[in-house]
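Q: Give me a 3D structure for the following:
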Amino acid sequence: MILLRIKMMLPFFIISFGILTRLIPHIPNFSPELVFALYLGMKSPKHLFCLYIFLMALISDALISWQHPEFSSAGDWTPFTYSALLGIGGMGLLIKKKGFGLVFMTMSGVATLAYWIWTNFGTWLTTHLYPHSFEGLIMCYLAALPFLGNALAASVAWCAIIVWCETYIPKKNVYEPT
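A: Take a look at the predicted model:
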């Protein structure tokens with residue numbers, strides 16, 4: 001009974017923690033959001049993972065805009081960000097039955113790289129930060145390399161935490177009070 005309640009609360013905990021980690025000061029792109037999107041895709045019911053990921057992104061973006069009104073957390077690039085997160089959740093859905101551990105960690109690296117490629121393409125395409133030419137696209141990706149490093153480091157760190165929790169937090173020996 002308690003284990004069932006814990007399983008039902010897991011998405012709420014992941015969403016809440018994902019929002020919180022985006023709101024507190026942190027190294028740019030060192031956030032668990034991508035790993036959490038992958039994990040929600042793996043652990044959520046098929047018909048709810050998109051809703052969970054969308055809520056995590058939308059609520060955190062709204063709170064960031066409220067916390068820092070001078071920065072816009074939404075713009076023409078937003079569909080690229082949200083579609084990337086939903087795509088990562090879909091990747092989690094695909095690897096749901098393939099085991100955990102190494103598969104999860106490898107896929108989080110792939111997801112981080114895919115997110116970086118897609119969202120920076122969106123930045124180049126929808127903003128005027130870089131010329132709309134092949135050279136401008138290369139400039140956009142080169143400028144974003146430090147963020148990729150931070151995101152990959154975050155993926156490794158957050159994956160390690162999740163894998164540790166999945167491995168070492170008991171699942172069967174949860175006792176109800178008598």
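Q: how about G75, secondary structure?
A: Classification of G75 by DSSP: H, G, I helix; E, B strand; the rest coil places it in coil.
Q: Roughly how far does it sit from L129?
A: For G75, the distance to L129 (C-beta to C-beta, to the nearest Å) stands at 11 Å. In this view, the C-beta of every residue, glycine as well, is placed from N, C-alpha and C.
Q: can you check S72 too?
A: In terms of C-beta to C-beta, S72 sits 13 Å off from L129.
Q: who's in contact with stretch 155-171?
A: Residues outside stretch 155-171 that contact it (C-beta atoms under 8 Å, 6 or more residues apart in numbering) are 3, 30, 32, 34-36, 39, 100-101, 104-105, 108-109, 111-112.
Q: Counting neighbours, which of those residues end up buried?
A: F30, P32, L34, V35, F36, Y39, F104, M105, S108, A111, T112 (16 or more other C-beta atoms under 10 Å).
Q: Provide a list of residues in contact with the first one.
A: This points to F30. N150, A151, A153, A154, A157.
Q: Ok, G87 next?
A: Contacts of G87 (C-beta under 8 Å, 6+ apart): A114, W118.
Q: Which helix or which strand is home to it?
A: helix 78-94 (DSSP states H and E).
Q: How far off centre is that helix?
A: 8 Å (C-alpha atoms, centre = their mean, to the nearest Å).
Q: what comes up buried for that helix?
A: 78, 80-82, 84-93.
Q: quick one on the thing from earlier: and the furthest pair within the contacts of stretch 155-171?
A: Within these, L3 and F30 form the most distant pair, 32.1 Å apart (C-beta to C-beta).
Q: any idea which of the buried ones among the contacts of stretch 155-171 is the one closest to F49?
A: For the buried ones among the contacts of stretch 155-171, the nearest to F49 is Y39 (9.7 Å; C-beta to C-beta).
Q: what's the helix or strand for the closest one?
A: helix 33-43.
Q: Using CSV, write down the CA coordinates of that helix.
A: Only the C-alpha atoms of helix 33-43 are listed here, as CSV (Å, rounded to 0.1, in the frame of the first residue of the first chain):
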residue,chain,number,x,y,z
GLU,A,33,15.4,19.0,-16.5
LEU,A,34,16.6,16.8,-19.4
VAL,A,35,17.3,13.8,-17.2
PHE,A,36,13.9,14.2,-15.5
ALA,A,37,12.2,14.4,-18.9
LEU,A,38,13.8,11.1,-19.8
TYR,A,39,13.0,9.5,-16.5
LEU,A,40,9.4,10.7,-16.6
GLY,A,41,9.1,9.1,-20.0
MET,A,42,10.4,5.8,-18.6
LYS,A,43,8.4,5.8,-15.4
